[in-house]
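Participant: I'll drop the sequence and a predicted model, then ask my questions.
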Amino acid sequence: MIDCDVHHNFSSLGDLTPWLDPTWRRYIEEGGYEGFTLPSYPYVHPSGFFMGDSIPSSGARPGSDFEQMKRQLLDTWEIEYAVLNGEDILNISSIPNRQLGRALAHAYNRWTLEEWTPRDPRLRASIVVNVEDPDLAAEEIRVLAGESGVVQVLVPTGAQRGYGDPFYRPLFRAAAECGLPVAMHAGADGVGHNPPPTGAGYPHFYIEYHTLIFSSAMAHLVSLISHGVFDELPELRFVLLETGLAWLPGVLWRLDANWKALRMEVPWIKRPPSETVRRQVRFTTQPLEQPAHVGKLRQLLDVVDGMDEMMLFATDYPHWDVDVPTAIERKLPDGWAPKVLSENARDLYGLPVMSTAAAGRT
Amino acid sequence: MSDIDSQTVCVLNSADLPVGGRCTVQAFGDEVALFNVVGEVFAIANPCPHAGGPLCYGTVDGAPLPSDAYEYVWGRENRILTCPWHGWQFDLETGEALFDPLVTVATYRVMIRAGEICLSER
């Protein structure tokens, strides 16, 4: 199985200081009240964001202890590869200071590539960039694309504009040139200088926020298609992480229908949007919707042509809404499991089949 | 409506369809929309294949042709018919939808014979 959404984390920003120059080291250690902290969510899960048993015995932050992750996720579920997507760092694009954002993103990337991926051949990494500074983001992508273990570029759903906006194009061009998918993870909506998490503003409750976790993801997907980004960059692959799936048929139906009626506004869109999505967009499974009758979910997934090749398995370890592999497998239409659990991600990221021995499992 | 031969039917006195005019007639078992576009007559099945909108009420002008992002290249002036209901656009000459040439509405060959507009199936 290839787990496309695993959250490792630093125990504090201080872990990144070896890769920061003295100016920023001092800034994060001594700035503000008790040092700089990344902006965080205006919502909390009432019993915590993490699986209760993912908290290391040391009391460190979940995801910060590799040995625990190895035991609890990689070994227990026989994960062939795990893609590390970080945690707090997703909010890096939510701070107005672009120079700081760039420095922290780079330090985080170096920390991941030096302190995490070399520890286990099963680990792969997303690199983060400050999306609100697309030229520097493109530079960071070009610098790191060739590094061992790098499989994609991570961006948050929380952003100041739809990702189809030409403002962001340097980032997408760089990723496409370097052969790296861009993965957009739910998060950073309403954080820092980002717009509110929903079109109806800031919900009161976490239950509202989390239920609507896909709302800006839908907006970004429609934006990317409408601006012709996938046509301009046919090599680009775009992954939606943790944004759910059940909404997809409706959005694609609407978009295809609207394109037939409104193509005069976007004459550069030359094929049905659903075909573009099938060719260039992938979706992680977690959090897979949970209808009372699982057969209805299977029917819904089957509605989208090619869906069996668009879904990528993900646990979201160590978050509270983790999807364990057995729970996913039984929700899939017959015959989909090998593709969804492994082969689609293997194709996307070009991952070789790893033998048990090579994985170093004991 | 008078028959010239088995494949051709004459449907209207051409004087009844002045430049800029449009109307519907019955031919070949269908309702057919006629347009006099700058002196040239076009005939196209009246119901839009999408939802049955009456194409005879549609706008005839040009359209932005397939282009690169953010470019608008106007073309096919006086050859694009836009359905008045949902905006599907068709080429008056071929009947092909602009979004997909495999989606078509029937068009008819038009001849003027002895002052009459005559149609035959393509």
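Facilitator: Nice, I can see it.
Participant: Confidence-wise, which helix or strand of the chain is lowest on average?
Facilitator: Assuming you mean chain A. Lowest mean confidence among the helices and strands of chain A (mean pLDDT, DSSP states H and E): helix A:325-329, at a mean of 89.
Participant: where does the residue lying farthest from the centre of chain A fall, phi/psi-wise?
Facilitator: Ranked by distance from the centre of chain A (C-alpha atoms, centre = their mean), the top residue is residue A:264, with 33.3 Å. Backbone torsions of residue A:264, given as degrees, to the nearest 10, read phi -60, psi -20.
Participant: Please verify my assumption that it contacts residue B:65.
Facilitator: No - using C-beta atoms under 8 Å, residue A:264 makes no contact with residue B:65, being 10.0 Å away. For glycine as for every other residue, the C-beta is placed from the backbone atoms N, C-alpha and C.
Participant: Who are the packing partners of the least confident helix or strand of chain A?
Facilitator: Judged by 3 or more C-beta pairs under 8 Å, 6 or more residues apart in numbering or on different chains; DSSP states H and E, helix A:325-329 is in contact with no other helix or strand.
Participant: what's that helix in contact with?
Facilitator: Contact partners of helix A:325-329, identified using C-beta atoms under 8 Å, 6 or more residues apart in numbering or on different chains, comprise A:1, A:77, A:285-286, A:288, A:313, A:315, A:337, A:340-341.
Participant: In TSV, list those residues along with neighbour count.
Facilitator: Shown next, in TSV, are the contacts of helix A:325-329 (neighbours: other C-beta atoms under 10 Å in any protein chain shown):
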residue	neighbour count
A:1	20
A:77	16
A:285	26
A:286	25
A:288	21
A:313	26
A:315	27
A:337	19
A:340	27
A:341	21
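Participant: List the contacts of residue A:227.
Facilitator: A:162, A:164-166, B:69.
Participant: With residue B:102 instead?
Facilitator: So residue B:102 contacts residue B:96 (C-beta under 8 Å, 6+ apart).
Participant: where does it fall, helix, sheet strand or coil?
Facilitator: coil (DSSP: H, G, I helix; E, B strand; the rest coil).
Participant: what separates it from chain A, distance-wise?
Facilitator: As judged by C-beta to the nearest C-beta, to the nearest Å, residue B:102 and chain A stand 11 Å apart.
Participant: Residues of chain B that sit close to chain A?
Facilitator: B:50, B:63-73, B:86-89, B:97-100 (C-beta under 8 Å from any C-beta of the partner chain).
Participant: hmm, 6 Å instead?
Facilitator: Residues of chain B that fall close to chain A, judged by C-beta under 6 Å from any C-beta of the partner chain: B:63-64, B:66-69, B:86-88, B:99.
Participant: Just the buried residues of those.
Facilitator: Buried members of those, scored by 16 or more other C-beta atoms under 10 Å in any protein chain shown, are B:63-64, B:67, B:69, B:87-88, B:99.
Participant: Show me how far the helix or strand encompassing residue A:302 is from its chain's centre.
Facilitator: Per DSSP states H and E: residue A:302 is located in helix A:294-303. Helix A:294-303 sits 24 Å away from the centroid of its parent chain (C-alpha atoms, centre = their mean, to the nearest Å).
Participant: How about stretch B:23-31?
Facilitator: Relative to the chain's own centre, stretch B:23-31 is displaced by 12 Å; criterion: C-alpha atoms, centre = their mean.
Participant: Equivalent analysis for stretch B:69-81, please.
Facilitator: 17 Å.
Participant: avg pLDDT for that stretch?
Facilitator: Stretch B:69-81 shows a mean pLDDT of 97.
Participant: buried stuff in it?
Facilitator: Result for stretch B:69-81 [16+ other C-beta under 10 Å]: buried residues B:69, B:76, B:79-81.
Participant: Take those and write them to TSV, including secondary structure.
Facilitator: Converted to TSV, the buried residues of stretch B:69-81 look like this (three-state DSSP):
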residue	secondary structure
B:69	coil
B:76	strand
B:79	strand
B:80	strand
B:81	strand
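Participant: Out of the residues you listed, the closest to chain A would be?
Facilitator: residue B:69 (3.9 Å; C-beta to the nearest C-beta).
Participant: Just confirm that closest one contacts residue A:226, I think it does.
Facilitator: No - counting by C-beta atoms under 6 Å, residue B:69 does not reach residue A:226; the two are 9.9 Å apart.
Participant: in the least confident helix or strand of chain A, what counts as buried?
Facilitator: Residues of helix A:325-329 classed as buried by neighbour count (16+ other C-beta under 10 Å): A:325, A:328.
Participant: what's the offset of it from the middle of its chain?
Facilitator: Averaging C-alpha positions (C-alpha atoms, centre = their mean) puts helix A:325-329 20 Å from its chain's average.
Participant: next one: stretch A:308-327
Facilitator: 12 Å.
Participant: follow-up on the earlier one: give me the mean pLDDT for the helix holding residue A:302.
Facilitator: 95.
Participant: Does anything pack onto that helix? Which helices or strands?
Facilitator: Contact partners of helix A:294-303 among helices and strands, from 3 or more C-beta pairs under 6 Å, 6 or more residues apart in numbering or on different chains; DSSP states H and E: none.
Participant: OK, contacts around the residue farthest from the centre of chain A?
Facilitator: By C-beta atoms under 6 Å, 6 or more residues apart in numbering or on different chains, the contact set of residue A:264 is B:63-64.
Participant: Give me the local confidence score for it.
Facilitator: Reported pLDDT for residue A:264: 95.
Participant: just residue A:357 next, same as before
Facilitator: At residue A:357, the model reports a pLDDT of 56.
Participant: same check, this time on residue B:2
Facilitator: 52.
Participant: Over to residue A:47?
Facilitator: The predicted local confidence for residue A:47 is 89.
Participant: just residue A:354 next, same as before
Facilitator: With respect to pLDDT, residue A:354 has a value of 87.
Participant: Neighbours of it, how many?
Facilitator: The number of residues packed near residue A:354 is 16, by other C-beta atoms under 10 Å in any protein chain shown.
Participant: right, and it touches residue A:80 too?
Facilitator: Yes - using C-beta under 6 Å, residue A:354 is in contact with residue A:80, at 5.3 Å.
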